[in-house]
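Colleague: following is a predicted model, sequence given first.
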Protein chains: 2
Amino acid sequence: MLLFDGGQAPNPRRTRIFIAEKGLSVPREPVDMSKLEHRSEKIASRNPLKRLPVLELDDGTILTESIAICRYFEALHPEPALFGRTPLEIARIEMWNRRIELGLFGTVAATFRHTHPAMAEWEVPQIAAWGEASRDKAVQFLRFFNDHLASHRFAAGDAFSVADITGLVSVDFMRPAKITMPPDLTHVARWSEEVSARPSAKA
Amino acid sequence: MLLFDGGQAPNPRRTRIFIAEKGLSVPREPVDMSKLEHRSEKIASRNPLKRLPVLELDDGTILTESIAICRYFEALHPEPALFGRTPLEIARIEMWNRRIELGLFGTVAATFRHTHPAMAEWEVPQIAAWGEASRDKAVQFLRFFNDHLASHRFAAGDAFSVADITGLVSVDFMRPAKITMPPDLTHVARWSEEVSARPSAKA
C-alpha cells in the first residue's frame, strides 16, 4: 500500500498520528500542498475531490477521508483500540470525535480558509465574515471542552482515543488560523500538554 | 432507554431511519424544534450543545450525535450491518458517509441556516454570502455523486448502508434549503427513488 501524504495539514497529520499510535509503518509519498500538488493529475485521478490523505492498496483500491483510512487500520489491527471496544465505548468515542470535529476542527478550518491571505486561491469565494464567525464558534466550543476535561483525563473519558487525535490536530491548527487560546482554559492546556507529549504527536 | 427526537430535522431523521432499518423499536420523546424546545432545560441539561437527537440510557448515560447513536445500535445489533463487516467495507462506507456529510449534508445545512428567514434566530450571525457559496458547493458535490452512482447501485457500492441514509436525509433537506436538483442528474434521481421507497424512509 501507499499513503499519499499532505504534510502538516490537519487531516493527513491525523492519519499519521493514528498509524503511529498503532505502531504501524506505512510507505508514504509526500504531496506538497503549498505547491497545490493535491490538485495534480496524480491525486485528482485517485481522488476527484482533490483532498488528502489518499491510501492506495496493492490492488489499486483507493480509500480517502482521514477517518475512513484510520478505521481501515483499526479493523486490520484492532490493538490498541482507538475507536473503542464495547458498544458504549464505541458510541462515546464517536460522539466526542464528532463533537470535536464539528465544534473545533471544522470551525478552525473555516477560520483559516476564510481569513488567511494564502487561502484566497483555495477557498473561492473567501468570506471573511464567515471566517470571523467561525473563530467565535471555535472559542465557544473550547470553553465547553474545557468544562468536560475538568473531570475527564482524555476527550472520550479515561482512555486515549481517536477523539484525542482529532482534538490535538485541531488545537495545533489554531496557530496558522491565528486563533488565540484563552489563557483561562487550564483543563484544555493540561490535556493538550499530555497528548502533545506522546511520541505519535511528532508523526 | 429514551430517544429525545427532533421531528423532520435531518439528524434526528437519520437516526430514526437507521433504527427502522435495524428493525428496532426505541421509545421516543418528541421535541418540537420549531418551538426551540431543543434549547429547553430538559435538553440542555442532557446535551449542553442543545442539539438533537439525544439518547438517554436506563442508567442515565447520555449519548448524542446522530451517527454515534447509530453506531451504538450497530454494536448492540450487528445485523443487518449498515457500517460494513470487512475492513474494506467498513472503510468504504465511512469514506462515502463522510464525503456525503461534508459535500452535501453540511453544505445543504449551511445554505438553509444562512439563507432561510426562519433561521435568523438560530444562526447568528446569518451570512447570506456563505449560504449562497454553500448552495454552489452542494450542487457541485451532487455532480460528483451522480458520476459515482452511474456505476454503483448504492452510495458505498452494492449494499445499502448508513451512507445512503445520510444521502437521503441530505437530498430531502434540499427542499427547505431551496436548492433545486439539476434535472440532468439521472443517476442521483434513480438512487434517490430507490432509497426513498424503502419503508424506513417514512420513519
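Modeller: Received it, and whenever you're ready, just let me know what you need.

Colleague: quick one: name the residues of chain A near chain B.
Modeller: Chain A comes close to chain B at residues A:48-49, A:61, A:63-65, A:67-69, A:71-72, A:75-76, A:86-88, A:90-92, A:94-95, A:98-99, A:103, A:125, A:127, A:129-130, A:133, A:144, A:147, as judged by C-beta under 8 Å from any C-beta of the partner chain. For glycine as for every other residue, the C-beta is placed from the backbone atoms N, C-alpha and C.

Colleague: in what helix or strand does the residue nearest to residue A:186 when sequence neighbours are not counted lie?
Modeller: Leaving aside its sequence neighbours, residue A:186 sits nearest to residue A:146 (C-beta to C-beta, 6 or more residues apart in numbering or on different chains; 7.5 Å). If you go by DSSP states H and E, residue A:146 is part of helix A:128-149.

Colleague: equivalent analysis for residue A:79, please.
Modeller: In this structure, residue A:79 is located outside every helix and strand according to DSSP H and E.

Colleague: on that earlier part again, from the contact counts, what lies against the helix holding residue A:146?
Modeller: Helices and strands touching helix A:128-149, by 3 or more C-beta pairs under 8 Å, 6 or more residues apart in numbering or on different chains; DSSP states H and E, are helix A:87-100, helix A:106-115, helix A:186-196, helix B:128-149.

Colleague: between those, which one is closest to residue B:26.
Modeller: Among the helices and strands packed on helix A:128-149, helix A:87-100 comes nearest to residue B:26, with 13.9 Å by C-beta to C-beta.

Colleague: picking up where we left off before, hmm, which of the residues of chain A next to chain B are the buried ones?
Modeller: Buried subset of the residues of chain A next to chain B (neighbour count, 16 or more other C-beta atoms under 10 Å in any protein chain shown): A:49, A:63-65, A:67-69, A:71-72, A:75, A:87-88, A:90-92, A:94-95, A:98-99, A:103, A:127, A:130, A:133.

Colleague: ok, residue A:147 - contacts?
Modeller: Residue A:147 sits next to A:187, B:48 when contact means C-beta atoms under 8 Å, 6 or more residues apart in numbering or on different chains.

Colleague: hmm, I was thinking of residue A:195
Modeller: Residue A:195 is in contact with A:154, A:160, A:164-165, A:167-168, A:201, counting by C-beta under 8 Å, 6+ apart.

Colleague: make JSON lines out of those residues and add neighbour count and pLDDT.
Modeller: Shown next, in JSON lines, are those (neighbours: other C-beta atoms under 10 Å in any protein chain shown; pLDDT from 0 to 100):
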{"residue": "A:154", "neighbour count": "18", "pLDDT": "98"}
{"residue": "A:160", "neighbour count": "19", "pLDDT": "98"}
{"residue": "A:164", "neighbour count": "27", "pLDDT": "98"}
{"residue": "A:165", "neighbour count": "30", "pLDDT": "98"}
{"residue": "A:167", "neighbour count": "27", "pLDDT": "98"}
{"residue": "A:168", "neighbour count": "24", "pLDDT": "98"}
{"residue": "A:201", "neighbour count": "16", "pLDDT": "98"}
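
Colleague: just the pLDDT at residue A:35, thanks.
Modeller: You'll see residue A:35 listed with a pLDDT of 89.

Colleague: kindly report the same for residue A:75.
Modeller: At residue A:75, pLDDT is 98.

Colleague: for chain A, identify the residue most remote from the centre.
Modeller: The C-alpha centroid of chain A is most remote from residue A:59, which lies 27.2 Å away (C-alpha atoms, centre = their mean).

Colleague: where does the closest residue to residue A:105 other than its chain neighbours sit: helix, strand or coil?
Modeller: Leaving out its chain neighbours, the residue that sits closest to residue A:105 by C-beta to C-beta, 6+ apart is residue A:170, at 4.3 Å. Secondary structure, DSSP: H, G, I helix; E, B strand; the rest coil: residue A:170 is helix.

Colleague: what's around residue A:170, how many residues?
Modeller: 25 (other C-beta atoms under 10 Å in any protein chain shown).

Colleague: quick one: it and residue A:100 touch, right?
Modeller: Yes: with contact defined as C-beta atoms under 8 Å, residue A:170 and residue A:100 form a contacting pair (6.2 Å).

Colleague: quick one on the thing from earlier: can I get the helices and strands packed on helix A:128-149 in a markdown table including distance to residue A:13 and mean pLDDT?
Modeller: What follows is those, written out as a markdown table (distance: least, C-beta to C-beta, whole Å; pLDDT from 0 to 100):
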| stretch | distance to residue A:13 | mean pLDDT |
| --- | --- | --- |
| helix A:87-100 | 15 | 98 |
| helix A:106-115 | 13 | 98 |
| helix A:186-196 | 12 | 98 |
| helix B:128-149 | 24 | 98 |
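
Colleague: could these go into CSV alongside distance to residue A:25?
Modeller: Formatted as CSV, the helices and strands packed on helix A:128-149 follow (distance: least, C-beta to C-beta, whole Å):
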stretch, distance to residue A:25
helix A:87-100, 24
helix A:106-115, 28
helix A:186-196, 22
helix B:128-149, 32
